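Chemist: sequence plus predicted model, see below.
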Amino acid sequence: MPEPAASDTRPAPGPAAAAPAPGPVPAPVQPPGLPDPLPSAAVPSLALFPGFVARQVPVAEGVSLRVLSGGEGPPLLLLHGHPQTHAIWHRVAPALARRFQVIAPDLRGYGESAKPPGGADHAAYAKRAMAADLVALMRAFGHARFDVLAHDRGARVTHRLALDHPQALRRAALLDIAPTLDMYAGTTEAYARAYWHWFFLIQPAPLPERLIEADPGAYVREVIGNRVGLAPFDPRALAEYARCLALPGSAHGLCEDYRAAAGIDLEHDRADRAAGRRVEAPLLVLWGAEGIVQRCFDPLALWRAVAREVRGQALPCGHYLPEEAPDALLAQVLPFFGEA
């Protein structure tokens, strides 16, 4: 089946770097074949995304993703991290939707998306499988080529997408990560203490799942709050993260994501480096000046070792850039994605 035609028509860069003036989010014309929007009453997070609609979109055999979309213009895919969902984007998505068609899914294993069994080698949660989900999702919306704004786990999926599907990715902004292989290889005592969950979640099932399932809300509050406190977060977003982590299979999906990252994903990354494969799409790398990535790694140097074009800087916040520093984030990503 022929792929949809790609478009490189972009908003003009320059003085429009500040957030657009408030106004209604335009409703895009969706291609035929997409599932009908879900009833608003069935999607609690829609209260955080005025003008958006929600769908459950099939992307692979037995796998569908919950996705919110809104706006019109060039396609921009937003990808969340752990232990969150698409709701992390609620403070920037309305502004982005005045220039782009914003598409914000829950990754497989998270939120209201499918949570398949991981398998003995956790391949169902390899970033390769998760990236393929997203290419299929964007094709369902009519886009063969698109931009990505991704935080944390979503940024790791984007790294794999860039290597496996270079024709699909125009440019990407990666938030508060260094490459997974380098972070594991560069583990220090300070890093291990701060990112303890990397080593907790990869323990064999069902131990971490049982502990998370005992009190999913506490897990969300402690993991997020111990990093930056809870003051920066909208209580409705925190409630959504806790609600989704309490859904059947969510704890397992979350653990499988990390188990894959510590195993099969590293195999894929090593194979790419041995073959000399690099990210071809331009990257904007942003991280929190008060976060662990800043303290333990040199993100620009590490990304420049695996990608051809990298720029970036620290922003005045911790790990959760879209919720802690939305205006600073918009000031960086709007001109970046506006470049032709």
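Modeler: Okay, I see it.

Chemist: burial check on the closest residue to residue 320 other than its chain neighbours, number of neighbours?
Modeler: Counting by Cβ to Cβ, 6 or more residues apart in numbering, residue 228 is the residue found nearest to residue 320 once chain neighbours are left out, at 6.3 Å. Heads up, the C-betas are built off the backbone N, CA and C, glycines and all. Residues lying near residue 228 (other Cβ atoms under 10 Å) number 18.

Chemist: so residue 228 versus residue 321, what's the distance?
Modeler: Applying Cβ to Cβ, to the nearest Å, one obtains 11 Å for the distance of residue 228 from residue 321.

Chemist: which neighbours do the two have in common?
Modeler: For the pair residue 228 and residue 321, no residue contacts each of them under the criterion Cβ atoms under 8 Å, 6 or more residues apart in numbering.

Chemist: which residues of this protein fall in strands?
Modeler: Using DSSP state E, the strands found in the chain span residues 53-60, 63-70, 75-79, 101-105, 146-151, 169-175, 283-288, 310-315.

Chemist: adding mean pLDDT, write the ones you listed out as JSON lines.
Modeler: Shown next, in JSON lines, are the strands of the chain (pLDDT from 0 to 100):
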{"stretch": "strand 53-60", "mean pLDDT": "98"}
{"stretch": "strand 63-70", "mean pLDDT": "98"}
{"stretch": "strand 75-79", "mean pLDDT": "99"}
{"stretch": "strand 101-105", "mean pLDDT": "98"}
{"stretch": "strand 146-151", "mean pLDDT": "98"}
{"stretch": "strand 169-175", "mean pLDDT": "98"}
{"stretch": "strand 283-288", "mean pLDDT": "98"}
{"stretch": "strand 310-315", "mean pLDDT": "98"}
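
Chemist: now render those as CSV, adding mean neighbour count and distance to residue 95.
Modeler: Putting those into CSV (neighbours: other Cβ atoms under 10 Å; distance: least, Cβ to Cβ, whole Å) gives the following:
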stretch, mean neighbour count, distance to residue 95
strand 53-60, 19, 18
strand 63-70, 24, 11
strand 75-79, 26, 11
strand 101-105, 28, 10
strand 146-151, 26, 12
strand 169-175, 25, 14
strand 283-288, 24, 16
strand 310-315, 18, 16
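
Chemist: among the ones you listed, which is nearest residue 326?
Modeler: strand 310-315 (10.2 Å; Cβ to Cβ).

Chemist: partners of the closest one, with directions?
Modeler: Partners of strand 310-315 in the sheet, by DSSP bridges, are strand 283-288 (parallel).

Chemist: can you list contacts of the partner strand?
Modeler: Identification of contacts with strand 283-288 by Cβ under 8 Å, 6+ apart yields 171-177, 293-294, 299-300, 303, 307, 309-315, 317-321, 324-325, 329, 332-333, 336.

Chemist: quick one, what contacts residue 45?
Modeler: The contact partners of residue 45, by Cβ under 8 Å, 6+ apart, come to 54, 68, 85, 86, 87, 90, 240.

Chemist: shouldn't the first one be in contact with residue 38?
Modeler: Yes: using Cβ atoms under 8 Å, residue 54 is in contact with residue 38, at 4.6 Å.

Chemist: what sits opposite the nearest residue to residue 281 once chain neighbours are set aside in the beta ladder?
Modeler: Nearest residue to residue 281, sequence neighbours excluded (Cβ to Cβ, 6+ apart): residue 169, at 4.5 Å. Following DSSP bridges, residue 169 is listed with bridge partners residue 146.
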